[in-house]
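1. structure of the sequence below:
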Amino acid sequence: MKLELKDIQKKYDSLEILNDININLKKGEIISILGASGCGKSTLLNIIAGFIKPTSGEVLKDGVNITGKISETAYMLQDDLLLPYKNIFENVTLPIVIKKELNLKKKEEVLEFFKIFGLDGYENYYPKELSGGMKQRAALLRTYLCGTDIYLFDEPFSKLDSITRNNMRVWFLEIWKKIQSSAIFITHDIEESIILSDRIYIMSEKPSKIIKEIIVSKECKNINSSDFIKLKAEMLEMFR
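-> Have a look, this model is predicted:
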């Protein structure tokens, strides 16, 4: 198993946020953690990323305990967080610059990824000159260049308009087929979780626990199919 969360619990004083969370992620798989706003999804993602420690439980990567360790995963937030005074090439290569690995060979490799990510020709543009969708592509490339094999996404498309958001979902899946890395999305969008995921974990309200694991079939990926409509309706019922 690429990543495992075992019996994760998180408390702040007497307030219990997460209760006995068990989740696993396979190599090359995309899973979503779906729950209402404020249920603790971001807290859980921060535990996976190592930014905060659980009260109890552990996070395992390839069987090794990484609880509380940073740099074992790459994390993309809702905001693109591109630096306005740097061009797109400078922005996306920040993880490489920080590691002091940006040599000529690496620059050539990055330029190839600009083509894969649909950013070819935008290297010298500044964030203010790009659309929301293009900025998210740049942010995703920067996240990818962190050089890990597990990626965490905190509702990265939530601030885009509906048309751009739908296009970004399709684009993301095309990119991910080429990358073949493991990813965890957190979302409160049922449609997004079905479209993007191989499996979905549904969280209850606080103290949050996993109340359902759903395997998403290929037939459910077509939003016009009866399978998609049926699954969406079943998931809506879980939140009533």
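
2. CA atoms for contacts and neighbours, from now on please.
-> Fine.

3. sort out which residues of the lowest-mean-pLDDT helix or strand in the chain are buried, please.
-> Comparing helices and strands within the chain by mean pLDDT, DSSP states H and E singles out helix 162-179 as the least confident, with a mean of 89. If you call a residue buried by 16 or more other Cα atoms under 10 Å, then helix 162-179 has these buried ones: 165, 168.

4. I'd like the next helix or strand past that helix.
-> The helix or strand immediately downstream of helix 162-179 is strand 182-187, counting by DSSP states H and E.

5. just the helices in this protein please.
-> With DSSP state H applied, the chain shows helices at 41-49, 88-92, 94-98, 104-116, 132-144, 162-179, 190-196, 226-238, listed in chain order.

6. helices or strands up against the fourth one?
-> In this structure, helix 104-116 makes packing contacts with no helix or strand, judged by 3 or more Cα pairs under 8 Å, 6 or more residues apart in numbering; DSSP states H and E.

7. about what we covered before: and the least confident helix or strand of the chain, how far from the chain's centre?
-> Taking Cα atoms, centre = their mean, to the nearest Å, one finds helix 162-179 lying 13 Å from the centre of the chain it belongs to.

8. give the other helices and strands that it contacts.
-> Of the remaining helices and strands, those touching helix 162-179 by 3+ Cα pairs under 8 Å, 6+ apart are helix 132-144, helix 190-196.

9. mind redoing it with 10 Å?
-> If contacts are counted by 3 or more Cα pairs under 10 Å, 6 or more residues apart in numbering; DSSP states H and E, helix 162-179 sits against helix 104-116, helix 132-144, helix 190-196.

10. hmm, who's touching the last one?
-> With Cα atoms under 10 Å, 6 or more residues apart in numbering as the contact definition, helix 190-196 has outside contacts at 30-35, 155, 157-158, 165-166, 169-170, 172-173, 184-187, 199-202, 214-218, 220-223, 228-229, 231-233, 235-236.

11. for stretch 81-92, same thing?
-> 96-97, 107, 110-111, 114, 119, 122-130, 135-146.

12. wait, which of the helices and strands packed on helix 162-179 is closest to residue 51?
-> Ranking the helices and strands packed on helix 162-179 by proximity to residue 51 (Cα to Cα) places helix 132-144 first, at 16.3 Å.

13. beta-bridge partners for the residue most central in space within the chain, please?
-> In the chain, the centroid-proximal residue (Cα atoms, centre = their mean) is residue 153; its distance is 1.9 Å. According to DSSP bridges, the residues that bridge with residue 153 are residue 76, residue 185.

14. hmm, it is touching residue 77, no?
-> Yes. Using Cα atoms under 10 Å, residue 153 is in contact with residue 77, at 6.2 Å.

15. any common contacting residues for those two?
-> Taking Cα under 10 Å, 6+ apart as the contact criterion, the common neighbours of residue 153 and residue 77 are 42, 140, 143.

16. redo the residues you listed as JSON lines? Include pLDDT, distance to residue 26 and neighbour count.
-> Written out in JSON lines, the entries for the shared contacts of residue 153 and residue 77 read as follows (pLDDT from 0 to 100; distance: Cα to Cα, whole Å; neighbours: other Cα atoms under 10 Å):
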{"residue": "42", "pLDDT": "92", "distance to residue 26": "21", "neighbour count": "18"}
{"residue": "140", "pLDDT": "92", "distance to residue 26": "21", "neighbour count": "21"}
{"residue": "143", "pLDDT": "93", "distance to residue 26": "20", "neighbour count": "23"}
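
17. closest one to residue 55 out of the residues you listed, please.
-> Nearest to residue 55 among the shared contacts of residue 153 and residue 77 is residue 42, at 15.6 Å by Cα to Cα.
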